[in-house]
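Engineer: Test case, fold it:
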Amino acid sequence: MDANNHVTRTGSVTFTDKEQAASALAWGTTTARAYISALPSYPSGGTDMSDAMDTAYAALTAASEATEHANYGNTHVQKFIVLMTDGENTGASSKHKPSLDTKTLNACTSAKNAGITIYTVAFMAPTLGKTLLLACSGSSSNSYTADNASELITAFEAIAKKVSDRSTKLTN
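Structural biologist: Here you go, the predicted structure:
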């Protein structure tokens, strides 16, 4: 538990056919929760995960992020990205764009090379979206599919358990 909000930092970035304004990393979960709660119920547009992945990677690897943790004595910081989509990379069109898959996978590879664990959730996504997310996570144990709300909740519960098991820190 992070009662003083000195261990856990969260942020959010969403996308349709283009990246939406991101919620910067902040201590605790309040800011990220508010960002997610304000999302429209029915987003419009196509799908382009690439810029959002770039943004998440850049935020987690920024020097300022290391400084934030160092200010509270956090010397071993585990970083995670959860990437969820209900589509495949189409950009603003209705046709799959392999170039956006390549760009997304490049960001995923950079993140994994930086020690960031990526979890993915394909929510009612087509086959190409599921395939991309599996490749992005790099492991079937980090990649989830959900075809309804119950399965979506189960996927996020499993991710939360994995993250909390890996990031347990004893505080005094």
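
Engineer: Any stretches of the protein with poor pLDDT?
Structural biologist: 1-6, 166-172 (pLDDT under 70).

Engineer: Residue for residue, what is the longest helix it has?
Structural biologist: Ranked by residue count, the top helix of the chain under DSSP state H comes out as helix 149-166.

Engineer: got the contact list for that one?
Structural biologist: 78, 80, 82, 117, 119, 121, 123, 142, 144-146 (Cβ atoms under 8 Å, 6 or more residues apart in numbering). Heads up, the C-betas are built off the backbone N, CA and C, glycines and all.

Engineer: tally of neighbours for the residue lying closest to T55 once chain neighbours are set aside?
Structural biologist: Excluding the flanking residues, the one nearest T55 by Cβ to Cβ, 6 or more residues apart in numbering is V13, at 4.9 Å. Using other Cβ atoms under 10 Å, V13 has 20 neighbouring residues.

Engineer: Let me see the contact set for V13.
Structural biologist: Contacts of V13 by Cβ under 8 Å, 6+ apart are 19-20, 22-23, 52, 55-56.

Engineer: In this protein, what residue spans correspond to strands?
Structural biologist: Taking DSSP state E as the test, the strands found in the chain are 9-12, 23-27, 80-85, 117-123, 143-146.

Engineer: quick one: the longest one to chain centroid distance?
Structural biologist: The one in question is strand 117-123. Offset of strand 117-123 from its chain centre (Cα atoms, centre = their mean, to the nearest Å): 7 Å.

Engineer: Which parts of this protein are helices?
Structural biologist: 30-37, 50-61, 63-70, 98-113, 127-137, 149-166.

Engineer: Out of those helices, the one nearest N89 is which?
Structural biologist: helix 98-113 (3.6 Å; Cβ to Cβ).

Engineer: residue closest to the middle of this protein?
Structural biologist: With distances taken as Cα atoms, centre = their mean, the residue of the chain nearest its centroid is V82 (2.6 Å).

Engineer: Kindly provide the distance from it to A34.
Structural biologist: Distance, V82 to A34, by Cβ to Cβ, to the nearest Å: 17 Å.

Engineer: ok, A52 to D165 distance?
Structural biologist: With Cβ to Cβ as the criterion, A52 and D165 are 26 Å apart.

Engineer: P40 too?
Structural biologist: P40 is 33 Å from D165, by Cβ to Cβ.

Engineer: K103 now?
Structural biologist: Where D165 is concerned, K103 sits at a distance of 32 Å (Cβ to Cβ).

Engineer: So for these two, which residue has more residues nearby?
Structural biologist: The neighbour comparison of K103 against D165 (other Cβ under 10 Å) goes to K103, with 18 against 8.
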